[in-house]
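S.K.: Turn this into a structure:
(2 chains)
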2 protein chains.
Amino acid sequence: MDGTIDEFALIDRLVGRLRDMDGEDPVLIGIGDDAAVIRHPEGMDLLVTTDTVVENIHFAKSTMDYPDVGYKAIAVSISDIAAMGGRPQSVVLAFTVPTSLPIAALESIYDGIDEVCRRYQCRVVGGNLARCEGPLTITSTVTGVVPHQTAVLRSGAKPGDVIFVTGDVGSSSAGLAFLQGNVPMPGDDAVFLTVRHRRPNPQVFAGEVLREAGATSLNDISDGLASELNEIAKASQVRLRVEADRLPIAPAVRNFARKSGKDSLSFAWYGGEDYQLVGTAPSFAFARALARCQSAGVQLTQIGRVESGDGVVADVDGRLEVLSPGGFNHFRD
Amino acid sequence: MDGTIDEFALIDRLVGRLRDMDGEDPVLIGIGDDAAVIRHPEGMDLLVTTDTVVENIHFAKSTMDYPDVGYKAIAVSISDIAAMGGRPQSVVLAFTVPTSLPIAALESIYDGIDEVCRRYQCRVVGGNLARCEGPLTITSTVTGVVPHQTAVLRSGAKPGDVIFVTGDVGSSSAGLAFLQGNVPMPGDDAVFLTVRHRRPNPQVFAGEVLREAGATSLNDISDGLASELNEIAKASQVRLRVEADRLPIAPAVRNFARKSGKDSLSFAWYGGEDYQLVGTAPSFAFARALARCQSAGVQLTQIGRVESGDGVVADVDGRLEVLSPGGFNHFRD
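M.R.: Residues are numbered from 1 along each chain as shown, chains lettered A, B, ... in the order given. Just a heads-up that it's a prediction; the model follows:
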């Protein structure tokens, strides 16, 4: 890093990349004092979540540009707020930065942060930057709000409920495989796969719709659909039964799987980083949410039903298999 | 790190070190779902602050034990809440952990975290642990509350106001010098210096008293008194005039300075990490706060007066000098 600029000047320069927000601003005091001060809306609970991304573990320069790194570092935490049925409000950032990283790279990261924050109306209200030997790491802590006592947990699924996912699944991991490999894809598919890996869209709108409609559980897909389904089954003490042929898998993912000799279902079950929502709702609540999502152009798909029991079972080509977070086992009832 | 334990099991084990809180608990959902859910008290603004400590930059094994590291990593952020006149409520933690660090070290760090959180009634509501090559880093993000529109900023100091500090200054840096050196000190002084460096006491009580009394500015002493005074002078567009012989310097610091051939005032001006509060208040407000602090056994000392002008000047042995964050310059009015 440029030795002629001190940490305070650097932070000023980076914060200068962030543009003002449109609309009403609940932030009374942002960056610059000991702590940020935020007006908290009445009747709402506070949500707090944190996540860290580490270079060469969670992202790599070979598959992500710096603005993507900034965008995604915040998106992963916004997605956790969406998975509670909440709305993001503020973010604080903590960077550890290797001394070799050029300031221009940090500025590019901030451009991506600015983009995701504007898109989700989430203000950067504080941060910290420590230089040290080691990989670039970005920790984002996002606060959000949700009406009192209405946060959607993982533990409310009930037998008879519909199981659903938003958007499509497997696109991010297929995108990563595409970016890491050398299988040529037609332009549209290449763009789709690249964007889905680099710029996930946390489902804040769908999360709020699902909460209002009466969803009984929600989880965001960070580690893979199989893993998230198992978390809901465990927390809710129910069995989730999903049908493989109902999984919403994008045509580009199917095309890429075919060309590269891979299984598109593997991307969907285990891929992770889709930052879609998976959850459960009684049929009437699901129908209500579906109508609102459809009229907003947001994809919402039923993929199964909740049963009494435990674990996750998947109907794959007429065979019932136990779906563990890491793979299939033969099903024994 | 022990390869036989996965990240989820490790986090469960570490979280198991945290004991339940006494008193009313605003945390509706703590660790374990996508985000924590916290009941927000009516009529209060939300405070958010973050800070990162990095091994061998902010702490070293030679001068701090692991419980101290955990304690201090959270204390530095609680101190930022105190410096707004607020009360801490929740903390989320993000660790980057070198693979070589034994799990027992992390458990010890969590014991210190548990101590500081119990002392300040601040709940750990979430966290993240990433293993990577590089130094141990701990990022603490603390939320707090303060009555609406009453947060005490750095920018409200007015000519005529009293300048004050809580506790004593220079003790932490003198403690560090003691721990790094080989100047023998009598038992009581050695304990005092060691504890002041390892276990700072964020001034939450004093911060609330000062806010209620009508303090016009507050800052916590992380980078050193000279630096914090300059921040207030700059943010408030006033001159701060302080008297060196009024600085509250502990006897152990004076003893250590004498024995080690150092200047106790240097520890006080530039040492940093005291996590005391420095600020300003009209005389009547200061008197009110002083009475409440005295009856609670909390030290509060007037060290100067606010004047019109800019910068910080110090009266040292009858000479007026300009006090910059890094040292003295000859004063020219």
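
S.K.: Compute the distance between whichever residue of chain A sits closest to chain B and B:Tyr66, please.
M.R.: The nearest approach of chain A to chain B comes at A:Gly134, 2.1 Å away (Cβ to the nearest Cβ). Every residue, glycine included, has its C-beta placed from N, CA and C. Distance of A:Gly134 to B:Tyr66, computed by Cβ to Cβ, to the nearest Å: 19 Å.

S.K.: got it, and A:Pro200?
M.R.: From A:Pro200 to B:Tyr66 the distance is 36 Å (Cβ to Cβ).

S.K.: of those two, who's got more company?
M.R.: A:Pro200 (26 against 21; other Cβ atoms under 10 Å in any protein chain shown).

S.K.: if we can go back for a sec, next up, identify which helix or strand the closest residue to the residue of chain A closest to chain B other than its chain neighbours is on.
M.R.: Closest residue to A:Gly134 apart from its sequence neighbours, by Cβ to Cβ, 6 or more residues apart in numbering or on different chains: B:Gly134 at 2.1 Å. In this structure, B:Gly134 is located outside every helix and strand according to DSSP states H and E.

S.K.: And for A:Phe286?
M.R.: helix A:283-295.

S.K.: next one: A:Phe8
M.R.: helix A:7-15.

S.K.: swap in A:Asn230?
M.R.: With DSSP H and E as the criterion, A:Asn230 is inside helix A:225-236.

S.K.: Could you give me the buried positions within that helix?
M.R.: By neighbour count on 16 or more other Cβ atoms under 10 Å in any protein chain shown, the buried set for helix A:225-236 is A:225-233, A:235-236.

S.K.: For the residue nearest the centre of chain A, give me the pLDDT.
M.R.: By Cα atoms, centre = their mean, chain A has its centre lying nearest to A:Tyr275, at 2.8 Å. Among the per-residue scores, A:Tyr275 holds a pLDDT of 97.

S.K.: Repeat that for A:Gly327.
M.R.: Per the predicted model, pLDDT is 72 at A:Gly327.

S.K.: And A:Asp2, by the same measure?
M.R.: Looking at A:Asp2, the pLDDT reads 43.

S.K.: A:Val146 - that's part of a strand, no?
M.R.: Yes - secondary structure of A:Val146 (DSSP: H, G, I helix; E, B strand; the rest coil): part of a strand.

S.K.: ok, it touching A:Glu212?
M.R.: No - counting by Cβ atoms under 8 Å, A:Val146 does not reach A:Glu212; the two are 10.8 Å apart.

S.K.: Who has more neighbours out of the two?
M.R.: Each of A:Val146 and A:Glu212 has its neighbours counted (other Cβ under 10 Å); A:Val146 has more, 22 against 15.

S.K.: on that earlier part again, the residue nearest to the centre of chain A touches A:Asn219, doesn't it?
M.R.: No - applying Cβ under 8 Å, one finds A:Tyr275 not in contact with A:Asn219, separated by 11.1 Å.

S.K.: contacting residues around stretch A:278-291?
M.R.: A:152, A:156-158, A:160-166, A:206, A:209-210, A:212-221, A:225, A:228-229, A:232, A:236, A:240, A:300, A:302, A:306 (Cβ atoms under 8 Å, 6 or more residues apart in numbering or on different chains).

S.K.: try 7 Å
M.R.: A:157, A:161-165, A:209-210, A:213-219, A:221, A:225, A:228-229, A:232, A:300, A:302, A:306 (Cβ atoms under 7 Å, 6 or more residues apart in numbering or on different chains).

S.K.: Could you tell me which of those belong to strands?
M.R.: Among those, the ones falling in strands (DSSP state E) are A:162-165, A:217-219, A:300, A:302, A:306.

S.K.: Same list, those residues, but as CSV with pLDDT please.
M.R.: Below are the ones in strands among the contacts of stretch A:278-291 laid out as CSV (pLDDT from 0 to 100):
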residue, pLDDT
A:Val162, 98
A:Ile163, 98
A:Phe164, 98
A:Val165, 98
A:Ser217, 98
A:Leu218, 98
A:Asn219, 97
A:Leu300, 98
A:Gln302, 98
A:Val306, 98
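
S.K.: Scan those and report the most crowded one.
M.R.: A:Leu218 (31 neighbours).

S.K.: Could you give the number of residues near A:Cys122?
M.R.: 27.

S.K.: Report the contact partners of it.
M.R.: Contacts of A:Cys122 by Cβ under 7 Å, 6+ apart are A:78, A:88-91, A:142.

S.K.: which among those residues gets closest to A:Asp310?
M.R.: A:Ile78 (31.2 Å; Cβ to Cβ).

S.K.: now that closest one, nearest residue through space, not along the chain?
M.R.: A:Ile78's closest residue in space is A:Pro202 (Cβ to Cβ, 6+ apart), at 4.3 Å.

S.K.: What is the burial count for that neighbour?
M.R.: 27.

S.K.: Output the set of residues of the stretch 151-300 of chain A in proximity to chain B.
M.R.: Within the stretch 151-300 of chain A, the positions adjacent to chain B are A:151, A:153-154, A:219-220 by Cβ under 7 Å from any Cβ of the partner chain.

S.K.: Give me the buried subset of the residues you listed.
M.R.: A:151, A:153-154, A:219-220.

S.K.: nearest to B:Gly311, of those residues?
M.R.: A:Ala151 (49.2 Å).

S.K.: Need the phi and psi values for that closest one.
M.R.: Main-chain torsions, A:Ala151, degrees, to the nearest 10: phi -50, psi 140.

S.K.: Surely it and A:Arg87 touch.
M.R.: No - assessed by Cβ atoms under 7 Å, A:Ala151 is found out of contact with A:Arg87, at 11.5 Å.

S.K.: check contacts around A:Gly156.
M.R.: A:216-217, A:236 are the contacts of A:Gly156 under Cβ under 7 Å, 6+ apart.

S.K.: Which of those residues sits closest to A:Arg246?
M.R.: Out of the contacts of A:Gly156, the member with the shortest distance to A:Arg246 (by Cβ to Cβ) is A:Ser217, at 18.1 Å.

S.K.: all helices of the stretch 51-200 of chain A, in order?
M.R.: A:66-82, A:103-119, A:171-180, A:187-198 (DSSP state H, counting those that start in this stretch).

S.K.: now the ones you listed in CSV, with distance to B:Leu320?
M.R.: Output for the helices of the stretch 51-200 of chain A, formatted as CSV (distance: least, Cβ to Cβ, whole Å):
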stretch, distance to B:Leu320
helix A:66-82, 47
helix A:103-119, 39
helix A:171-180, 63
helix A:187-198, 58
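
S.K.: These: which one's closest to A:Gly311?
M.R.: Among those, if distance is taken as Cβ to Cβ, the winner is helix A:171-180, at 23.0 Å.

S.K.: The residue nearest to A:Gly134 touches B:Thr96, doesn't it?
M.R.: Yes - using Cβ under 7 Å, B:Gly134 is in contact with B:Thr96, at 6.3 Å.
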